[in-house]
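Enquirer: using only what follows, build the 3D model:
(chains A and B)
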Amino acid sequence: MTAAFVAGADVPLKRRLKRAERARQFRALGLVLPLLAFLLFTFVVPLAGMIWKSASDWEVPQVMPQTVAALEHWNGQGLPDEAAFAALAADIRAARDAGNLAVAAKRLNYVVNGFRTTLLSTGRKLKEQPAPGTAKETLIGIAPAWGERESWTAIKSASGPITSYYLLAAVDLTRNADGAIVAAPPDQAIYRDVFLRTFEIGFGVTALCLILGFPVAYLLANLPTGRSNLLMIFVLLPFWTSLLVRTCAWIVILQSEGIVNGSLEWLGVIDEPLRLIYNRFGVYMAMTHVLLPFMILPLYSVMRGVSPAYMRAAASLGAPPVTAFLRIYLPQTIPGIGAGCLLVFILAIGYYITPALVGGAADQMISYFIAFYTTETVNWGLASALGAVLLLSTVVLAVLYGKLALGRQTTGGLKN
Amino acid sequence: MSANHSPQTASQRIAWAATVVCGTLVLFFLMAPILAIVPLSFSSSTYLTYPLPGLSLRWYEDFINSARWITALKNSVIIGVASSMLSMVLGTVASLGLAQWKSKWKPLVLAIVLSPMVVPVVITAVGVYFFFAPLGLTGNYLGLILVHTALATPFVVITVSATLQSFDMTLARAAASLGAPPLLTFRKVILPLILPGLASGALFAFATSFDEVVTVLFLAGPEQRTLPREMFSGIRENISPTITAVAVVLTVISVCMLSSLEYLRRRNERLKGNAE
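Expert: Alright, predicted model coming up:
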């Protein structure tokens, strides 16, 4: 009797608790949603749009719809039939009137150098002389390029809606007239070098930060708290100082009439100013300075937790200081080293402002080219493709970093 | 933690001395730019070299009397304040939700929320530029405030979440059990206790916006140029001593923000110390 009563009351209570918990979870989700919606609009969708741009091909389908339709069943062998030529002539006339022929010309010029001139001059001449013969004869008469298979495969390859052209170009690849993936012509194959340079500068800066940051973190972690807090200001103040201020200061220090050169000349060490800026040296100097705190802070927080007892134990067991350091201390700081290096590297490969201001033409990193193709030459497809490759590299590294940082937090560095 | 380093042998003492020397040199390297630029801003000469021929405040006068720089300062403050307020509200509300929400989707949501901090700003700027341009959100304040808010919110979420982690949720439950509705509990119990954390978050957000130049390069029209944007073009053309004065003003602002943050941190630690 009692048992039945309790059991009967127990179920609704459990259910009620569950319902209350579900309501709480619902409320919690409701609190997160505004930010998610905001980020969707200001961040996620724009990034997705950029990735879409790196693979979308809209210019030729929009400007030359009839040609695209006529080429749909062309097998790419020999020249297309008369219908395709007629469609092309009609499209070019229409585009001339609408004034958007240049849009398609720009896109096709990426595939075949000189296509822009062919298309635009065809547009001009086609209007002057109403065709007496077939469309094929007229077009080849105006520009012999229309008699070449290459021109037609170019149009077909840009017929959309999806293209691999930009993404391939971002890694120095292209498709030949037969559609096979081959190396891009040398004058366009610059991006692998740029990516290599970006990673090389990233590695260099990370290594410099580690070499410079390690002793500072060690010093800060092993000094008495009062003095360590005081010295910490020297790390945090530059960290909080504007990036532009620091970059500007490095130019003032390193330029040919700058402080370093001025002092060295005054001391008689050099006769001519050394070239310290607008080259790789300046980039390393300024970037290391900007990113050093990102190395010191994680190293410091790990070193704070390393008990000195182990080092004392090692010393008491007769280990020379170098051995004790290498075999006892260093392994305990690996999580900090890993986190600091990844963080600095991730930040470094995305740098734009500092190399743009203190580097020379040969020191520009991938971000510079993304910005250049967006604002200067308006090749948004290529800008997006380069951005997508950089984004991919960053995401892979960030996931690695997340695994590393999270693993340390939740399992104390143990495997779970 | 007191001094845990007690060098015993000669070789240990040498190693420690070497660490002190190296560490000091690196700390000097970190401070060098600030140390170099501050005196130059007070120079009476147009050349940015030492020794200073004389002292003057003319570059600061230049700064104050220049419509270009003052407009830039005004823009920086408008965009910084607006985006830090907005990211404060969005970030705090989301942190409150994230603290209670349990779901297998949570890691993904966290990754999205924190990603603006990790994705290279150029990529964000390009993506937002493509997306905002057709919507008419380029060349005005709104677009910049929106994107700066997106960039600053992760810092608010991190700071506020850390504060909430140390917040004793039994206090909120006690208030609820005494009959306080959730909003009142938040206003009277939770808010006062996490306020220092919120203030730190707001400072981080403001600093993020105040120092941001890449998205401004892409999205701002001539009317919305901020201080870092003007400095960027100033450095590109040629560094006039006025820029060093602006740099010093910016550094002073950084020092103020850093000291406020340190004050808030100490206060928070004191409060926690009293509670224990």
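
Enquirer: may I see the buried residues of the host helix or strand of B:Leu198?
Expert: Assigned by DSSP states H and E, B:Leu198 belongs to helix B:191-211. Applying a neighbour-count criterion of 16 or more other Cβ atoms under 10 Å in any protein chain shown, the buried positions in helix B:191-211 are B:193-194, B:196-211. (Glycine included, C-beta is placed from N, CA and C.)

Enquirer: quick one: is stretch A:205-214 near chain B?
Expert: Yes. Residues of stretch A:205-214 are located near chain B by Cβ under 8 Å from any Cβ of the partner chain, namely A:212-213.

Enquirer: what is the neighbour count of the closest residue to A:Leu33 other than its chain neighbours?
Expert: Leaving aside its sequence neighbours, A:Leu33 sits nearest to B:Gly97 (Cβ to Cβ, 6 or more residues apart in numbering or on different chains; 7.9 Å). Neighbour count of B:Gly97, defined by other Cβ atoms under 10 Å in any protein chain shown: 21.

Enquirer: which residues of the stretch 151-276 of chain B lie near chain A?
Expert: Residues of the stretch 151-276 of chain B found near chain A (Cβ under 8 Å from any Cβ) are B:153, B:157, B:182, B:207, B:210-211, B:213-214, B:217-218, B:228, B:231-232, B:235-236, B:239, B:243-244, B:247, B:250-251, B:254-255, B:257-258.

Enquirer: in helices only, show me these.
Expert: B:153, B:157, B:182, B:207, B:210-211, B:214, B:217-218, B:228, B:231-232, B:235-236, B:243-244, B:247, B:250-251, B:254-255, B:257-258 (DSSP state H).

Enquirer: any idea which element the residue nearest to A:Leu33 lies in?
Expert: Using DSSP H and E, the element containing B:Gly97 is helix B:67-100.

Enquirer: A:Leu212 contacts A:Leu292, correct?
Expert: Yes. Taking contacts as Cβ atoms under 8 Å, A:Leu212 lies within contact range of A:Leu292: 6.0 Å.

Enquirer: where do the contact lists of the two overlap?
Expert: B:26, B:29 (Cβ atoms under 8 Å, 6 or more residues apart in numbering or on different chains).

Enquirer: and these two? Which one has more around it.
Expert: The neighbour comparison of A:Leu212 against A:Leu292 (other Cβ under 10 Å) goes to A:Leu292, with 25 against 22.

Enquirer: can you pull the contacts of the more buried one?
Expert: The contact partners of A:Leu292, by Cβ under 8 Å, 6+ apart, come to A:209, A:212-213, A:235, A:238, B:26, B:29-30.

Enquirer: try 7 Å
Expert: A:209, A:212-213, B:30 (Cβ atoms under 7 Å, 6 or more residues apart in numbering or on different chains).

Enquirer: next, format the residues you listed as TSV and append pLDDT, distance to B:Trp16 and secondary structure.
Expert: Formatted as TSV, the contacts of A:Leu292 follow (pLDDT from 0 to 100; distance: Cβ to Cβ, whole Å; DSSP: H, G, I helix; E, B strand; the rest coil):
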residue	pLDDT	distance to B:Trp16	secondary structure
A:Cys209	97	23	helix
A:Leu212	96	18	helix
A:Gly213	95	18	helix
B:Leu30	94	21	helix
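
Enquirer: most neighbours of all those residues, which one?
Expert: Counting neighbours by other Cβ under 10 Å, A:Gly213 leads the contacts of A:Leu292 with 31 neighbours.

Enquirer: the closest residue in space to that residue that isn't next to it in sequence: neighbour count?
Expert: Nearest non-adjacent residue to A:Gly213, counting by Cβ to Cβ, 6+ apart: A:Met295, 3.7 Å away. When neighbours are defined as other Cβ under 10 Å, A:Met295 has 28 of them.

Enquirer: circling back to that earlier point, model confidence at the residue nearest to A:Leu33, what's the number?
Expert: pLDDT, B:Gly97: 92.

Enquirer: gap between it and B:Gln12?
Expert: Counting by Cβ to Cβ, to the nearest Å, the gap between B:Gly97 and B:Gln12 amounts to 52 Å.

Enquirer: before we move on, back to that, show residues contacting the helix holding B:Leu198.
Expert: A:240, A:242-243, B:76, B:79-80, B:83-84, B:87-88, B:91-92, B:148, B:151-152, B:155-156, B:159-160, B:162-164, B:167, B:228, B:257, B:260-261, B:264, B:267-268.

Enquirer: what pLDDT, on average, does it get?
Expert: Mean predicted confidence for helix B:191-211 is 90.

Enquirer: helix or strand: which one has residue 125?
Expert: I'll assume chain A. With DSSP H and E as the criterion, A:Lys125 is inside helix A:115-128.

Enquirer: could you do chain B instead?
Expert: Going by DSSP H and E, B:Ala125 is part of helix B:121-132.

Enquirer: identify the residues contacting that helix?
Expert: A:42-43, A:45-47, A:49-50, A:53, A:350, A:352, A:367, A:370-371, A:374, A:380, A:383, A:387, A:390-391, B:116, B:138, B:143, B:147, B:151, B:214-215, B:218-219.

Enquirer: at 8 Å what do you get?
Expert: Helix B:121-132 has contacts (Cβ under 8 Å, 6+ apart) with A:42-43, A:45-47, A:49-50, A:53, A:350, A:352, A:367, A:370-371, A:374, A:380, A:383-384, A:387, A:390-391, A:394, B:116, B:138, B:143, B:146-147, B:150-151, B:212, B:214-215, B:217-219.

Enquirer: let me see the mean pLDDT of that helix.
Expert: Rounded mean pLDDT across helix B:121-132 is 95.

Enquirer: stretch A:63-72 too?
Expert: Regarding stretch A:63-72, the rounded mean pLDDT is 89.

Enquirer: how near is A:Ala207 to A:Ala217?
Expert: From A:Ala207 to A:Ala217 the distance is 15 Å (Cβ to Cβ).

Enquirer: swap in A:Gly268?
Expert: Noted for A:Gly268: a distance of 38 Å to A:Ala217, by Cβ to Cβ.

Enquirer: those two: which is more packed in?
Expert: Using other Cβ under 10 Å as the criterion, A:Gly268 and A:Ala217 rank with A:Ala217 on top: 28 against 7.

Enquirer: now the buried members of the contacts of helix B:191-211.
Expert: A:240, A:242-243, B:76, B:79-80, B:83-84, B:87-88, B:91-92, B:148, B:151-152, B:155-156, B:159-160, B:163-164, B:167, B:228, B:257, B:261, B:264, B:268.

Enquirer: hmm, the very next helix or strand once past the helix holding B:Gly97 touching chain A?
Expert: Using DSSP H and E, the helix or strand that follows helix B:67-100 towards the C-terminus is helix B:106-118. Yes. Helix B:106-118 reaches chain A (Cβ under 8 Å from any Cβ) through B:109, B:111-113, B:115-116, B:118.

Enquirer: and which of those residues is nearest A:Asp97?
Expert: Nearest to A:Asp97 among the residues of helix B:106-118 next to chain A: B:Pro116, at 44.8 Å, using Cβ to Cβ.

Enquirer: out of the ones in helices among the residues of the stretch 151-276 of chain B next to chain A, which are buried?
Expert: Applying 16+ other Cβ under 10 Å to these flags B:153, B:157, B:207, B:210-211, B:214, B:217-218, B:228, B:231-232, B:235, B:243-244, B:247, B:250-251, B:254, B:257-258 as buried.

Enquirer: other SSEs contacting the helix or strand B:Leu264 falls within?
Expert: Under the criterion of DSSP H and E, B:Leu264 resides in helix B:241-275. For helix B:241-275, the elements it packs on are helix A:225-240, helix A:243-254, helix B:10-41, helix B:58-65, helix B:191-211, helix B:227-237, judged by 3 or more Cβ pairs under 8 Å, 6 or more residues apart in numbering or on different chains; DSSP states H and E.
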